[in-house]
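>>> Got a sequence here, can you build the structure:
(one chain, ligands or ions: 1)
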Amino acid sequence: MPLLNNETINQLKSAAIKASANAYCPYSRFVVGAAVLCESGSIYTGCNVENASLGLTVCAERNAVFGAVAQGETKIVAVAVYAPVDTVTAPCGACRQVISEFNPKAEIYMFNHKELLTQVNLQELLPMAFGPSDIENPT
Ligand code: THU
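From the prediction side, this is the model:
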C-alpha cells in the first residue's frame, strides 16, 4: 500500500479535527479527535469519551475504529490522530492493539493544531504484535 497523497492526508486531518469538537473530556480536558481511512475510501471518525468512573474512558482512536467496524469496514489503511497541544499525541497501547487487529501495518498520522507532527507505521509503535493468527491453534 503506497503512502497517502497530500489530499487524502488533509482530508483525514480535517475529519479528525472536526471529530475533536465532540470530545467529551470534562475530567482531563484533553481533547482528541481521530479519523480512520478504510480500503473502501470511506473515513470514520471518533473522539475521546470520558466517564466519571475514569477507567471506562475510551480514546478517540478506538471509537473511530469501532465505528468503522460497526459499519462493516474491517480493512484499515491509516489512522489520523489530532490533539490541540504542542507535543505529539501518539495512540495509547490499547489503541495500538485495537488498530493492529485490522491492519498491523496501518499508517499513523499525528497532527496538532499547527501541522502534521509525525507519521509512522504501526509496526514501529507495536513491534511483535499479538494478532488474530496467534490464537488459531490453542492447545
Ligand atoms: N486520549 C485519546 O483519546 N487518544 C490518545 O491517543 C491519547 C489519550 C484521551 C483519553 C483521555 O480522554 C484523555 O485523552 C487523556 O488521557
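>>> so residue 109 bridges to which residues?
Bridge pairing for residue 109 (DSSP bridges) gives the partners residue 80, residue 119.
>>> What are the neighbouring residues in contact with it?
By C-beta atoms under 8 Å, 6 or more residues apart in numbering, the residues touching residue 109 are 4, 9, 12, 13, 78, 79, 80, 81, 116, 118, 119. The C-beta positions use only the backbone N, C-alpha and C, and glycine is treated the same way.
>>> Who wins on neighbours among those?
Note: the member of the contacts of residue 109 with the most neighbours is residue 80, at 33 neighbours, neighbours being other C-beta atoms under 10 Å.
>>> interface residues of the chain facing the ligand?
25, 28, 30, 32, 48, 50, 57, 59-61, 81, 89, 91-92 (C-beta under 6 Å from any ligand atom).
>>> Now go through these and say which are in strands.
Using DSSP state E, residue 81 are the members of these that sit in strands.
>>> Buried ones from the residues of the chain next to the ligand, can you make that a ChimeraX selection?
To isolate the buried members of these in ChimeraX, using 16 or more other C-beta atoms under 10 Å:
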select :25,32,48,50,57,59,60,61,81,89,91
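>>> need the residues of the chain next to the ligand in JSON lines with pLDDT and distance to residue 98, can you?
Output for the residues of the chain next to the ligand, formatted as JSON lines (pLDDT from 0 to 100; distance: C-beta to C-beta, whole Å):
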{"residue": "25", "pLDDT": "98", "distance to residue 98": "19"}
{"residue": "28", "pLDDT": "98", "distance to residue 98": "20"}
{"residue": "30", "pLDDT": "98", "distance to residue 98": "19"}
{"residue": "32", "pLDDT": "98", "distance to residue 98": "15"}
{"residue": "48", "pLDDT": "98", "distance to residue 98": "14"}
{"residue": "50", "pLDDT": "98", "distance to residue 98": "18"}
{"residue": "57", "pLDDT": "98", "distance to residue 98": "14"}
{"residue": "59", "pLDDT": "98", "distance to residue 98": "9"}
{"residue": "60", "pLDDT": "98", "distance to residue 98": "12"}
{"residue": "61", "pLDDT": "98", "distance to residue 98": "7"}
{"residue": "81", "pLDDT": "98", "distance to residue 98": "13"}
{"residue": "89", "pLDDT": "98", "distance to residue 98": "16"}
{"residue": "91", "pLDDT": "98", "distance to residue 98": "9"}
{"residue": "92", "pLDDT": "98", "distance to residue 98": "10"}
